[in-house]
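**Student:** structure for this input, please:
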Amino acid sequence: MLAAMSTPRDPSPTEITLHSASRLLEIAFDDGRVFKLPFEYLRVYSPSAEVRGHGPGEETLQLGKRDVTITELVPVGHYAVQPVFSDGHQSGIYSWQYLYGLGVDQEQLWAEYLQKLEVVGGSRDPADPRNAAIMAPEMHSGGGHH
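**Tutor:** All right, here's what the predicted structure looks like:
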């Protein structure tokens, strides 16, 4: 899915900045690339099992995440960070390589996300009643992994 996941060497960040007001994570890498990743984008592409599932086809489309913020960014060793999101999600561990891939492929991945929302009739807005209607069948069928 993420083309940049097969980079020839592992990228290393030189600086990470959380911009709370604009809801952006700015990350600079040692190859000179700098990415500004919206909190919402990071949340909907969380590498957690809750979002990605345990295999192909098990992904859970994230709805109503437009206003999500990152309340804390926890270092994980020397290879990743674990954001704590305002909606309570905190199980995604974002490796430097994964963040780099999200940066490189941001335009394409965001367009794919918006297209998936359109197909199911979902919304980025948390208060949109369409989201509850989409999530209701999953809640009643016992679907979703947490």
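
**Student:** okay, and Val84 sits in which element?
**Tutor:** Secondary structure from DSSP states H and E places Val84 in strand 80-85.

**Student:** what are the pairing partners of the next helix or strand after that strand, and which direction each?
**Tutor:** The helix or strand immediately downstream of strand 80-85 is strand 94-95, counting by DSSP H and E. Note on strand 94-95: by DSSP bridges, its sheet partners are strand 80-85 (antiparallel).

**Student:** now the partner strand - C-alpha only, CSV.
**Tutor:** Only the C-alpha atoms of strand 80-85 are listed here, as CSV (Å, rounded to 0.1, in the frame of the first residue of the first chain):
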residue,chain,number,x,y,z
ALA,A,80,9.0,5.1,16.4
VAL,A,81,6.5,7.3,18.1
GLN,A,82,3.1,6.5,19.6
PRO,A,83,0.6,9.3,19.3
VAL,A,84,-2.2,9.6,21.9
PHE,A,85,-5.2,11.0,20.0
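
**Student:** can you list the buried residues in that strand?
**Tutor:** Residues Ala80, Val81, Pro83, Val84, Phe85 are the ones in strand 80-85 that count as buried (16 or more other CB atoms under 10 Å). Where you see a C-beta, it was placed from the backbone N, CA and C, and this is true even at glycine.

**Student:** what about the chain, any weak spots by pLDDT?
**Tutor:** Scanning the chain for pLDDT under 70 picks out 1-8, 136-146.

**Student:** ok, now with 80
**Tutor:** Across the chain, the ranges flagged by pLDDT under 80 are 1-9, 135-146.

**Student:** report the buried residues of the longest helix along the chain.
**Tutor:** Assignment by DSSP state H gives helix 106-120 as the longest helix of the chain. The neighbour-count check on helix 106-120 (16+ other CB under 10 Å) flags Gln106, Leu109, Trp110, Tyr113, Leu117 as buried.
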